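>>> Could you look at this predicted model? Sequence included:
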Amino acid sequence: MLPSLQLLSVSNPSSIIPSTTLNPKPILRTPKPHRFSKSSFRPAAAPVQSVLQWNRQPQLAGDTPRVVVITSGKGGVGKTTTTANVGLSLARLGFSVVAIDADVGLRNLDLLLGLENRVNYTLVEVLNGDCRLDQALVRDKRWSNFELLCISKPRSKLPIGFGGKALVWLVDSLKTREEGCPNFILIDCPAGIDAGFITAITPANEAVLVTTPDITSLRDADRVTGLLECDGIKDIKMIVNRVRTDMIKGEDMMSVLDVQEMLGLALLGVIPEDSEVIRSTNRGYPLVLNKPPTLGGLAFEQAAWRLVEQDSMKAVMVEEEPKKRGGFFSFFGG
């Protein structure tokens with residue numbers, strides 16, 4: 001039996017398994033890495049090139065902790081869904097993750113993770129001295145290396161002095177805690193570009209911009225990109241969410257290539273439209289945990305893989321649907 005396989009980003013050709021020649025004889029010993037099993041339906045001289053990759057641990061790039069803010073400017077494009085799925089994908093890859101819900105009055109990250117009943121303390125209680133930081137961190141029972149922290153409870157008022165310095169203190173405290181420094185700190189940014197946005201991006205050193213292929217989302221994404229660059233965040237990658245190839249072929253939706261040309265950002269992932277998102281949200285069970293996996297879940301896993309290695313993917317052009325032409329004269333090009 002072959003080892004488990006992991007989907008590979010085509011943008012990293014150096015890690016694609018090279019072509020090999022199949023051996024018709026049975027192999028009795030344990031197969032070595034980078035070898036394929038026998039196959040009788042293909043000639044022995046025919047090379048086989050795989051776009052899959054042996055299951056391996058991705059190489060963590062950059063200094064830890066990597067503080068990543070997930071933002072968009074526009075609401076409803078999938079920031080919280082991206083934070084939940086990418087965060088759990090990183091945890092499944094073996095990295096320690098702390099996800100911070102920076103939305104004060106409309107927090108939803110705990111709902112998507114199914115942890116709403118376990119949030120007893122928030123960052124406000126930590127700053128007021130009512131509890132310790134480890135008491136406010138909610139550890140996921142499914143993956144113990146994933147933790148959630150909410151800034152405040154719904155319908156609660158923040159202290160007047162609460163701002164970006166509070167999150168900077170939080171990041172510094174996570175670096176020096178006894179349990180060890182996390183590999184990733186993901187900040188779920190609230191919608192808009194007001195004080196909540198400024199607070200969320202203050203401690204970050206890289207950003208993931210979530211957008212959809214519509215003009216309203218792209219306008220807000222372009223505005224947010226400029227604000228992130230003005231704040232000193234230069235490492236900005238983009239996730240294009242809710243992509244439908246049928247609408248792109250029918251010229252009813254902009255392609256991913258058009259979105260990338262308009263924003264000029266490196267592409268971290270493309271998430272197709274998936275009906276399982278609503279079902280997983282209502283259950284508090286992210287897409288990446290579904291068995292069998294869905295297309296959206298696989299796309300989030302690949303985005304997490306690229307985030308670890310600071311990689312990016314290339315957008316490809318989707319061919320337009322040929323227009324159907326009927327009648328007798330269609331045979332003559334008329």
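Structure received.
>>> Only C-alpha atoms from now on, for both contacts and neighbour counts.
Noted.
>>> what pLDDT does Met238 get?
Per-residue pLDDT puts Met238 at 97.
>>> for the helix or strand hosting it, packing partners?
In this structure, Met238 is located in strand 235-243 according to DSSP states H and E. In this structure, strand 235-243 packs against strand 206-211, strand 266-272, with contacts taken as 3 or more Cα pairs under 8 Å, 6 or more residues apart in numbering; DSSP states H and E.
>>> Please go through this protein and pick out the longest helix.
Using DSSP state H, we find that the single longest helix of the chain is helix 215-230.
>>> Just the buried positions in that helix, please.
Buried residues in helix 215-230, counted by 16 or more other Cα atoms under 10 Å: Ser217, Leu218, Asp220, Ala221, Asp222, Val224, Thr225, Leu227, Leu228.
>>> tell me the contacts of the fourth one?
Think Ala221. Ser72, Gly73, Lys74, Leu209, Val210, Thr211, Leu263 (Cα atoms under 8 Å, 6 or more residues apart in numbering).
>>> Which residues does Leu148 form beta bridges with?
Using DSSP bridges, the beta-bridge partners of Leu148 come out as Ala99, Val138.
>>> How about the contacts made by it?
With contact set as Cα under 8 Å, 6+ apart, Leu148 has these partners: Val98, Ala99, Ile100, Asp101, Asp110, Leu137, Val138, Arg139, Asp140.
>>> I'd like those residues as CSV, with pLDDT, neighbour count and distance to Leu88 appended.
Output for the contacts of Leu148, formatted as CSV (pLDDT from 0 to 100; neighbours: other Cα atoms under 10 Å; distance: Cα to Cα, whole Å):
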residue, pLDDT, neighbour count, distance to Leu88
Val98, 98, 26, 10
Ala99, 98, 26, 10
Ile100, 97, 24, 13
Asp101, 96, 25, 14
Asp110, 95, 22, 13
Leu137, 97, 22, 15
Val138, 97, 23, 14
Arg139, 96, 18, 12
Asp140, 96, 16, 9
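>>> Need these in TSV (columns: distance to Asp235).
Formatted as TSV, the contacts of Leu148 follow (distance: Cα to Cα, whole Å):
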residue	distance to Asp235
Val98	20
Ala99	19
Ile100	20
Asp101	21
Asp110	27
Leu137	27
Val138	29
Arg139	29
Asp140	29
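>>> So which of these is the closest to Glu178?
Among the contacts of Leu148, Leu137 lies closest to Glu178 (Cα to Cα), at 13.5 Å.
>>> Tell me how far Ser144 lies from Val98.
Between Ser144 and Val98 the distance is 11 Å, computed by Cα to Cα, to the nearest Å.
>>> Same question for Ile201.
16 Å.
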